[in-house]
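Peer 1: kindly generate the corresponding structure for this input.
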Amino acid sequence: MSETGWQIEVDPSGEYRRELRRLLRGDPGRRVRVFLVGLVVLAGVAVANALAASSTPSRTSAFAFNSATAAVVASPDSESSAWFCTGATGTQGDAVGTLILTNPTLRSVNATITVAPAGGAAKSIRVSVPAADQIGIVPGQIAPGAWVAATVLFDGGGVGVSELVAGKPGWSTAPCASSTASDWYFAHGSTASNATLALSLYNPSTTDAVANVTLFSSTAGLIQPPAYQGIPVPAGSLVVENVSDHLMNDPSVATEVTTSAGTVVAAELQTTPGASGGSGQSLLLGVPAPSAQWDFPQNSEPAGGSLAFHVFNPSDHQVSVNVKIGLPQGEAEPLSMTVPAESTADLVAEQQTRIPGTGSFALEFSSADRTGIVVDREVSGAGGSPAPQVGQVHGVPAGVPSTLLPAVVPPGRGATSLAVSNLSSEPIRVSVEIATTGAPLAGLDRRTLQPGKTLTVSPQPGSPIGAVPLLVVASGLVAVELDAASGTPGSVVVPALALG
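Peer 2: Prediction:
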């Protein structure tokens, strides 16, 4: 039973699973190819009308998504679908963006990619994403600029889009947004110790937008800088704000973006420049709505580092939060925490005796009165270890029954682990399949998973986990996490794209 009262029943052995396999299977002998497409800028590509019509993609599935779910792959039989990506720098910056287009379907899908640099003119190209393939596009090569955003408009559905940023501090990935919204939330950021926090506001529509930004500081409380009220974001444009201009040397700041006109897509880029705590950068797509439940399927305390969870309560009243601890073996008593109105609270793993100091564990955060909250995880490794030592990711809001996981691309080196948590109150069946073939992974076909338990797989050399796109299909709600092999474990998580 979900927080809104509807019942979810998906049988991975029945018609739903057969339809997914029919639509998403490919040549069983083919490995997914990951490459950068040669870019040819095409003048005069008219996408405005189609974009306006598809800014909120149709969802024909009987499953009702949690309102905090920002990335949903449209059904393969959709006439069109759109994705919106922001938060990356151009090719001269330290967070150079690459769009990752993952097509697990049987047919190629054409797309128009329109890149909007901050303060510059937008440019467009046409590309084709081959069947059963994954390609990369560097938006800064299409339209140069210090900061860039992009719209990917497909002539069909079934293709997922995520974004990778990479530079000297490290690298990070995040899902792109499948729709715009009037609200966006971020649980944590920092401007302390020379860290920088950049907020990107992208308006891909044909209607002008006006945005307001509220900051929730751990030291200064609620702040509404006059310069952040009534920010004009014209149609088709990108606006980037440096949060440290108004909140300097603050170790913890949550952010709320609301629009008084139009809608936008918001993302934050958190950069830690390499002080004693290590370097790293995190690309975070905002959360379009708070959720009463957030899940982290796999966590581990880094040797010589720190693991912290940031809980943001944007409501006008105090919220009690219950934290369930999922262990591979045995049980642990839940933790509880109180988060005052319009503020944040932190849970530091190494300070909790109920959380194991070694091995992996799952955490579930849920508000006692179903008030919406936002929760993310920050992992900080020991200085001197490979970058990124620091990484930040959102949790999974309430779970979904089916997920598409893109393949890990450079600078990633495959995956370290795949975790699937059962969020249902009943046993469920879980299958992990190669998305382009429908072939289940050895030992991962219709595995029974008990309530509250997590299936964790550490891939061996030659495993397809992380090497090719994967499809996770369950008979109930699950939270999925695929950790990329990079720096501190858990610092980079492959975007989990919900299947619509």
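Peer 1: show me the contacts for the nearest residue in space to residue 342 that is not next to it in sequence.
Peer 2: The shortest distance from residue 342 to any non-neighbouring residue, by Cβ to Cβ, 6 or more residues apart in numbering, is to residue 222 (5.4 Å). C-betas here are computed from N, CA, C, even on glycine. By Cβ atoms under 8 Å, 6 or more residues apart in numbering, the residues touching residue 222 are 214-216, 342.
Peer 1: is residue 222 in a helix, a strand, or coil?
Peer 2: Three-state call for residue 222 (DSSP: H, G, I helix; E, B strand; the rest coil): strand.
Peer 1: measure it to residue 231 for me?
Peer 2: 18 Å (Cβ to Cβ, to the nearest Å).
Peer 1: what about residue 328, how many residues close to it?
Peer 2: Neighbour count of residue 328, defined by other Cβ atoms under 10 Å: 12.
Peer 1: tell me the SS of it?
Peer 2: coil.
Peer 1: what about it, distance to residue 348?
Peer 2: 22 Å.
Peer 1: and what of residue 129?
Peer 2: In terms of Cβ to Cβ, residue 129 sits 42 Å off from residue 348.
Peer 1: who has more neighbours out of the two?
Peer 2: The residue with more neighbours, out of residue 129 and residue 348, is residue 129; 25 against 13, by other Cβ under 10 Å.
Peer 1: in contact with the closest residue to that one other than its chain neighbours, which residues?
Peer 2: The shortest distance from residue 129 to any non-neighbouring residue, by Cβ to Cβ, 6+ apart, is to residue 103 (4.2 Å). Contacts for residue 103 (Cβ under 8 Å, 6+ apart) come out as 109, 129-134, 158-159.
Peer 1: so residue 103 bridges to which residues?
Peer 2: Note on residue 103: beta-bridge partners residue 133, judged by DSSP bridges.
Peer 1: where does the stretch 51-200 of the chain dip in pLDDT?
Peer 2: Applying pLDDT under 70 to the stretch 51-200 of the chain picks out residues 51-63.
Peer 1: what about the helices in the chain?
Peer 2: 15-24, 48-54 (DSSP state H).
Peer 1: kindly report which one of those carries the lowest mean pLDDT.
Peer 2: Lowest mean pLDDT within the helices of the chain: helix 48-54, a mean of 35.
Peer 1: could you identify the longest strand within this protein?
Peer 2: Longest strand in the chain by number of residues (criterion: DSSP state E): strand 470-484.
Peer 1: in its sheet, what does that one sit against?
Peer 2: Strand 470-484 has these strand partners (DSSP bridges): strand 400-405 (antiparallel), strand 415-422 (antiparallel), strand 428-434 (antiparallel), strand 493-494 (antiparallel).
Peer 1: what's the spacing between the shortest one and its chain's center?
Peer 2: Spelled out, it's strand 493-494. 8 Å (Cα atoms, centre = their mean, to the nearest Å).
Peer 1: run through who's touching that strand.
Peer 2: 162, 173, 391, 393, 405-406, 408, 415, 466, 481-484.
Peer 1: filter those residues to the buried ones?
Peer 2: Burial by neighbour count, 16 or more other Cβ atoms under 10 Å: within the contacts of strand 493-494 this picks out 162, 173, 391, 393, 405-406, 408, 415, 466, 481-484.
Peer 1: so can I have CSV of the residues you listed showing distance to residue 67?
Peer 2: Shown next, in CSV, are the buried ones among the contacts of strand 493-494 (distance: Cβ to Cβ, whole Å):
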residue, distance to residue 67
162, 21
173, 23
391, 26
393, 20
405, 22
406, 24
408, 29
415, 29
466, 30
481, 21
482, 24
483, 26
484, 28
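Peer 1: nearest to residue 199, of the residues you listed?
Peer 2: The nearest member of these to residue 199, counting by Cβ to Cβ, is residue 393 at 17.5 Å.
Peer 1: contact partners for that closest one?
Peer 2: With Cβ under 8 Å, 6+ apart, residue 393 has these contacts: 282, 284, 376-377, 490, 493.
Peer 1: tell me what it is bridged to.
Peer 2: Using DSSP bridges, the bridge partners assigned to residue 393 are residue 377.
Peer 1: where's it relative to residue 95, distance?
Peer 2: Applying Cβ to Cβ to residue 393 and residue 95 gives a distance of 16 Å.
Peer 1: one more: residue 196?
Peer 2: Taken as Cβ to Cβ, the span from residue 196 to residue 95 is 10 Å.
Peer 1: and the strands in the stretch 101-250 of the chain, which stretches?
Peer 2: Taking DSSP state E, counting those that start in this stretch as the test, the strands found in the stretch 101-250 of the chain are 109-117, 123-129, 133-137, 147-154, 160-167, 170-175, 183-186, 196-203, 209-217, 221-223, 231-233, 237-242.
Peer 1: of all those strands, which lies closest to residue 90?
Peer 2: Short answer: strand 147-154, nearest of the strands of the stretch 101-250 of the chain by Cβ to Cβ, at 5.2 Å.
Peer 1: what pairs with that closest one, parallel or antiparallel?
Peer 2: strand 81-89 (antiparallel), strand 109-117 (antiparallel).
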